[in-house]
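K.L.:
need the 3D shape of this:
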Amino acid sequence: MRRLFVLVLTLLTLGPVSPAAAAPAVAPEVLDAIAASWRKDPVYVYSSLQIPPAELARIRKAAKSLDLPVYVALLPSPSSPSRYRRELTTLLRGRVGGDGLFLVWHVDGGYWAGYHELVAPRGSQAEERFQDLRSDDKAARDITNDQPAPLIVRRIQQAKAALHGTALPPIPTEDLDIRPGRRGMSAQDMKDRSAYIGMGAGAVLSFFFWLLVFLRWGGTAPQPSPAARRGARNAAEVTEAGLGKQADAMINRAARALRKVEAQISRDKASAEILDRRDDAAPRLEAARALRKETGLEPAAAALVLARQALSGLTEGVVRPPCFFNPTHLAGTSMVVWSDVEVPACKVCGVAVEAGEEPLSLRVPQPAKLFGLGSGEAPYWSMESDNPFVTTGFGALSDDLAERVMNR
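P.N.:
This is a model prediction of the structure:
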């Protein structure tokens, strides 16, 4: 297993690296054309896109309901990194000027996503309320994204509620994505959970049975080592529900920090460093929010990592890698050799590795095999999987976890 692990790490180290940031894929003349089109029609559609007329009519009707101008651009997905996609909103706003709600939406693989910017009259505090409403609008997470109108209309509704201090309207049923697995647990997930609960209950009962037999014979139960006690304590603490709460709290903190930075950019001429902080943090926060729609220990841990990186990048200007062994620990501030490869580790795991002990790794359920053989838990990095959590070490091996999550 360790040889396989070394091979995977070596391939990741020597494999292709994401291309360096290049110039934005949208040419200035295209931006000028969009801004010119907005003077006649608030909804710009790129010539190669085929949008149903009903979708466009719905967006235009929603745009008229807002007291501020609404500008919408529907574009194909550019080849540039996500940081440049976000800059399109700022660049277009600079060409139009004035207050308004700017929405730049891209389609990628048949699914729509985008960026927005609300510029409200000074002193109205609508921009901050808009960000708060977006963060608190949990129902919006279930909106379908195979057409642009549902999400764009919801953004307009959020802006309207922020401007007038009113409540958000309910989301129409036809706008919700009710595919199996989107919300809650599937039947197979519940069967798997029942199987794991049964296995755990059986293990606990078996442990107490043999403990009673051992004590009955007058023996003395062996005392676990300090590392084993720490490992048991770690296993008890790391749960999906607990990580989810931590991730949600960190996402809210990062969102508040991002709002402050965006407000500073709107008011003043921000430095290049502040713009870079925002452009680096925004995709991480977006991916963290997307992961919170999923179930499982790994998505919750990844959401915590990305939100924590977004917050530190915004407030400190530094993005630290997570601890490779357990991303829920503190950041990896030291490099240690593990299976002949240097990996970042937190202080606790680093000390354990240097002492020749097993680090307190994040353990995840193994897929059950025939008759339950091979089931149980194992360190996440020992699993043979191509999901972005394992292949990037939750961002410890390569700093593109957010991009891989959004491109799945």
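K.L.:
tally of neighbours for the closest residue to residue 390 other than its chain neighbours?
P.N.:
Spatial nearest neighbour of residue 390, chain neighbours left out: residue 383 (5.8 Å); criterion: Cβ to Cβ, 6 or more residues apart in numbering. Yep, even glycine has a C-beta here, placed from its N, CA and C like the rest. Residue 383 has 15 neighbouring residues, counting by other Cβ atoms under 10 Å.
K.L.:
over to residue 129?
P.N.:
19.
K.L.:
any idea how far it is from residue 162?
P.N.:
4 Å (Cβ to Cβ, to the nearest Å).
K.L.:
can you map out the strands along the stretch 301-408 of the chain?
P.N.:
Along the stretch 301-408 of the chain, the segments classed as strands by DSSP state E, counting those that start in this stretch run 334-338, 341-345, 363-366, 376-379.
K.L.:
how distant is the third one from the center of its chain?
P.N.:
It refers to strand 363-366. 21 Å (Cα atoms, centre = their mean, to the nearest Å).
K.L.:
ok so, going back, the residue nearest to residue 390 reaches residue 366, doesn't it?
P.N.:
Yes - the pair residue 383 and residue 366 qualifies as a contact (Cβ atoms under 8 Å) at a distance of 7.1 Å.
K.L.:
residues contacting residue 300?
P.N.:
240, 243, 244, 247, 291, 292 (Cβ atoms under 8 Å, 6 or more residues apart in numbering).
K.L.:
just the buried residues out of those, in PyMOL syntax.
P.N.:
Buried residues among the contacts of residue 300 (16 or more other Cβ atoms under 10 Å), as a PyMOL selection:
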select buried, resi 243+244+247+291+292
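K.L.:
now, which of the contacts of residue 300 lie within strands?
P.N.:
Among the contacts of residue 300, DSSP state E puts none in strands.
K.L.:
which of the contacts of residue 300 lies closest to residue 327?
P.N.:
residue 243 (9.8 Å; Cβ to Cβ).
K.L.:
pLDDT wise, what is the residue positioned nearest the centre of the chain at?
P.N.:
Geometric centre of the chain, nearest residue: residue 288, 1.8 Å, by Cα atoms, centre = their mean. pLDDT recorded at residue 288 is 95.
K.L.:
so what's residue 244 closest to, chain neighbours aside?
P.N.:
Nearest to residue 244 is residue 300, by Cβ to Cβ, 6+ apart, at 4.8 Å.
K.L.:
so where is the stretch 251-400 of the chain shaky, pLDDT-wise?
P.N.:
269, 367-375 (pLDDT under 70).
K.L.:
hang on, isn't residue 140 packed against residue 171?
P.N.:
Yes - taking contacts as Cβ under 8 Å, residue 140 lies within contact range of residue 171: 7.1 Å.
K.L.:
mind listing the shared neighbours of those two?
P.N.:
In contact with both residue 140 and residue 171: residue 154, using Cβ under 8 Å, 6+ apart.
K.L.:
correct me if wrong, but residue 112 is in a helix.
P.N.:
No - Residue 112 is assigned strand when assessed by DSSP: H, G, I helix; E, B strand; the rest coil, not a helix.
K.L.:
so what's it bridging to?
P.N.:
residue 107 (DSSP bridges).
K.L.:
how far away is it from residue 66?
P.N.:
Counting by Cβ to Cβ - residue 112 and residue 66 are separated by 20 Å.
K.L.:
sorry, back to before: name the element the residue nearest to the centre of the chain belongs to?
P.N.:
Element membership of residue 288, judged by DSSP states H and E, is helix 272-291.
K.L.:
just checking, what packs against that helix?
P.N.:
helix 82-96, helix 240-267, helix 297-316, helix 401-406 (3 or more Cβ pairs under 8 Å, 6 or more residues apart in numbering; DSSP states H and E).
K.L.:
in TSV, list these along with distance to residue 39.
P.N.:
Shown next, in TSV, are these (distance: least, Cβ to Cβ, whole Å):
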stretch	distance to residue 39
helix 82-96	8
helix 240-267	22
helix 297-316	35
helix 401-406	33
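K.L.:
please identify the deepest-packed of those.
P.N.:
helix 297-316 (a mean of 24; mean count of other Cβ atoms under 10 Å).
K.L.:
now it and helix 240-267, what's the angle there?
P.N.:
Here the directions of helix 297-316 and helix 240-267 differ by 30 degrees (axes from the mean of the first three to the mean of the last three Cα atoms, to 10 degrees).
K.L.:
show the contacting residues for residue 89.
P.N.:
102, 103, 104, 115, 116, 117.
K.L.:
so for it, what's the pLDDT?
P.N.:
For residue 89, the model assigns a pLDDT of 80.
K.L.:
over to residue 72?
P.N.:
95.
K.L.:
and the contacts of the host helix or strand of it?
P.N.:
When elements are assigned from DSSP H and E, residue 72 belongs to strand 70-76. Strand 70-76 is contacted by residues 26, 34, 38, 42-46, 48-49, 51, 59, 62-63, 88, 92, 96, 100-107, 148, 152, 156 when judged by Cβ under 8 Å, 6+ apart.
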